[in-house]
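fold the following for me, if possible:
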Amino acid sequence: MSQLSKVQHSRNQWKHKAKQRGDRDRYQRKQIARITAERDRATKALKEAQARLRQLESPPQGLVALPKVDVVWLALQLFFVARIGFRAVSRVLSLLAWALGIKKAPCPQTIINWVIRLAIVRIDSARMLRGLPLPQAPFSNGLIWLIDLSIGLGTGKILAVLAVDAHHHHRTPSALSLDRVHCIGVSVADAWTGDTIAELLGRLIAVMGRPAAYLKDGGGDLHKAVALLDEQGLASPCIDDISHAVAGMLKRSYQDHPTFATFVSACGRVSGKLKHTILACLAPPNVRTNARFLNVHRLFTWADRVLKLSPAGGAKSGSTLAKLRACLDQLPACKALIKRFRGDASGLLACQKILKTQGLSHDTLAQCKPLIDTMPSPALRLEFHAYLVFELETAKTLGLDHIGLPISSDAIESLFGVAKHHGVGETQDAARIALRLPALCGLPTREEAEQVLDVSVARQQAFTGQVISLTKQRREVLANPERLESLRTTQGIPHVELIPSPKNRSNHQNIVQISNSYEQHPGPQLRSPAGRRRLENAAPSGRTETAFTS
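Residues are numbered from 1 along each chain as shown. Predicted structure coming up:
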């Protein structure tokens with residue numbers, strides 16, 4: 001083979017080998033690129049899967065933290081609407097913290113502080129409260145003031161003043177309740193007389209204007225206070241609460257009845273015989289000795305039903321009927337009294353239901369007349385009808401005789417009942433109860449929760465620091481017997497009084513406004529946050545108040 005042929009042959013072999021190596025390298029590069037891409041995709045998918053797995057295994061981090069104002073609002077709703085205690089509110093918020101985005105649930109003491117600050121906010125706002133205008137009473141504020149007294153543990157006696165729109169029954173077809181009233185004044189004193197009540201009401205009138213009317217029970221001190229205001233030229237009509245008026249009528253008609261004392265004594269003996277037996281379910285209801293005639297109809301209803309369980313005829317010895325008859329004592333001898341009282345009470349209760357729901361007007365009086373005619377006692381019929389006619393004249397004076405005049409003070413009685421049993425523990429301290437009364441009226445709103453956060457700690461302590469805590473006193477004296485005599489000195493500490501301030505503070509940018517709209521919110525509605533306000537001591541001699549300037 002020639003030299004040229006050898007060179008060409010060698011070059012062809014080299015080309016063939018180079019071509020093979022090139023094909024193999026290109027294939028390897030493609031495979032490497034494919035594997036690299038697959039590896040990258042697998043790595044990315046693995047990282048995403050691990051991230052999702054960690055997200056599922058760990059608490060959710062995507063929940064938005066609930067603003068503090070909403071936490072305050074929710075806590076107030078649980079306390080005032082759900083009616084659970086301070087510790088229970090804290091536990092509920094702790095359980096719902098994960099779902100609601102609450103970083104840290106408030107402790108019971110924090111919730112107590114929010115409730116007290118809500119009372120401050122509402123007292124500040126009370127000065128702006130007004131009702132719908134009354135053409136027949138153009139110089140009044142359109143409100144009816146509910147006045148009542150109550151006692152708690154301690155030396156003080158609580159006086160509360162609530163306000164409700166005189167057109168309440170025109171705005172809503174329901175009875176007056178805590179959701180529709182506003183607390184405009186609370187005061188605690190060692191004793192209340194007509195003079196001291198009139199003096200407090202006079203200062204409230206100076207701040208809020210003259211009310212359209214006063215709604216009260218039959219207490220003599222309250223009646224004297226209204227008469228003193230009349231002498232001072234601050235006259236307003238006076239409405240007697242229908243429940244107390246009816247109780248007084250029943251008392252005058254039945255207290256001296258020869259069989260009434262026998263009936264009451266028999267009920268007590270029957271209760272003792274039925275308890276701790278198989279007939280315990282038939283025991284009579286408890287009726288208070290004080291203001292007995294407010295609820296004595298429950299005893300008569302019970303007695304009538306129990307006597308119906310024992311029809312005429314014999315009973316087998318050892319039977320349940322025989323055991324029941326052995327426990328009835330002298331109740332069968334009171335059947336005539338029971339029948340007559342139930343007839344009178346049924347008519348009165350039916351009329352009260354109509355008047356409390358719709359108010360007193362010409363229409364409701366016409367609805368009550370057939371019910372009054374069914375009452376068996378003529379004197380009671382005449383007295384109750386005369387009472388309604390007299391109060392209807394007050395409704396005419398205010399121009400409410402065709403709308404409905406509020407005639408029941410059950411709302412303020414309910415306020416005292418709730419305040420004494422909700423959130424006070426075992427010690428019903430009168431001073432502590434008084435501090436919370438304004439907060440228990442109406443439903444809390446989010447605007448009020450914002451106002452609660454604006455109240456400073458110093459401002460709260462400025463008026464709660466003077467309150468005598470019976471729980472704290474007991475703890476200190478029982479642990480240190482030598483401090484027993486200190487109780488005499490601490491009694492000189494003045495009582496608490498919460499009333500709106502007469503100052504308007506026009507230099508403030510934000511002034512609290514109250515809305516009395518029944519359609520939107522039942523409680524006091526604050527339209528703008530209020531600036532911080534200071535406290536002043538402006539009490540008369542013998543009693544000290546904590547007045548909120550606004």
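
right, and the helix or strand after the one helix or strand Ser414 maps to?
Following DSSP states H and E, the helix or strand that holds Ser414 is helix 410-421. Next helix or strand after helix 410-421 toward the C-terminus (DSSP H and E): helix 430-436.

so for that next one, what gets flagged as buried?
For helix 430-436, the neighbour count (16 or more other CB atoms under 10 Å) marks 430-436 as buried. Where you see a C-beta, it was placed from the backbone N, CA and C, and this is true even at glycine.

what do you get for stretch 285-296?
Buried-residue list, stretch 285-296, by 16+ other CB under 10 Å: 287, 293-294, 296.

include distance to Leu484, secondary structure and pLDDT when you put these into JSON lines, please.
Shown next, in JSON lines, are these (distance: CB to CB, whole Å; DSSP: H, G, I helix; E, B strand; the rest coil; pLDDT from 0 to 100):
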{"residue": "Val287", "distance to Leu484": "38", "secondary structure": "coil", "pLDDT": "77"}
{"residue": "Phe293", "distance to Leu484": "42", "secondary structure": "helix", "pLDDT": "85"}
{"residue": "Leu294", "distance to Leu484": "39", "secondary structure": "helix", "pLDDT": "85"}
{"residue": "Val296", "distance to Leu484": "43", "secondary structure": "coil", "pLDDT": "87"}
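
helices of the stretch 1-150 of the chain, residue ranges please.
Under the criterion DSSP state H, counting those that start in this stretch, helices of the stretch 1-150 of the chain are mapped to 3-57, 68-80, 86-100, 108-126.

C-alpha coordinates for the last one, CSV please?
Pointing back at helix 108-126 there. Output of helix 108-126 as CSV, limited to C-alpha atoms (Å, rounded to 0.1, in the frame of the first residue of the first chain):
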residue,chain,number,x,y,z
PRO,A,108,-59.7,38.2,85.1
GLN,A,109,-58.4,41.4,86.6
THR,A,110,-57.9,43.0,83.2
ILE,A,111,-61.5,42.3,82.3
ILE,A,112,-62.6,43.8,85.7
ASN,A,113,-60.7,47.0,84.7
TRP,A,114,-62.4,47.1,81.3
VAL,A,115,-65.8,46.9,83.0
ILE,A,116,-65.0,49.7,85.4
ARG,A,117,-63.7,51.8,82.5
LEU,A,118,-66.8,51.2,80.5
ALA,A,119,-68.8,52.6,83.4
ILE,A,120,-66.6,55.7,83.3
VAL,A,121,-67.2,56.1,79.5
ARG,A,122,-70.9,55.8,79.9
ILE,A,123,-71.1,58.3,82.7
ASP,A,124,-69.1,60.7,80.6
SER,A,125,-71.5,60.1,77.7
ALA,A,126,-74.7,60.6,79.8
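
list the buried ones in it?
When burial is assessed from 16+ other CB under 10 Å, helix 108-126 yields the following buried residues: 111-126.

elements contacting that helix?
Secondary-structure packing of helix 108-126 (3 or more CB pairs under 8 Å, 6 or more residues apart in numbering; DSSP states H and E): helix 68-80, helix 86-100, strand 182-189, helix 430-436, helix 446-454, helix 457-464, strand 497-500, strand 546-548.
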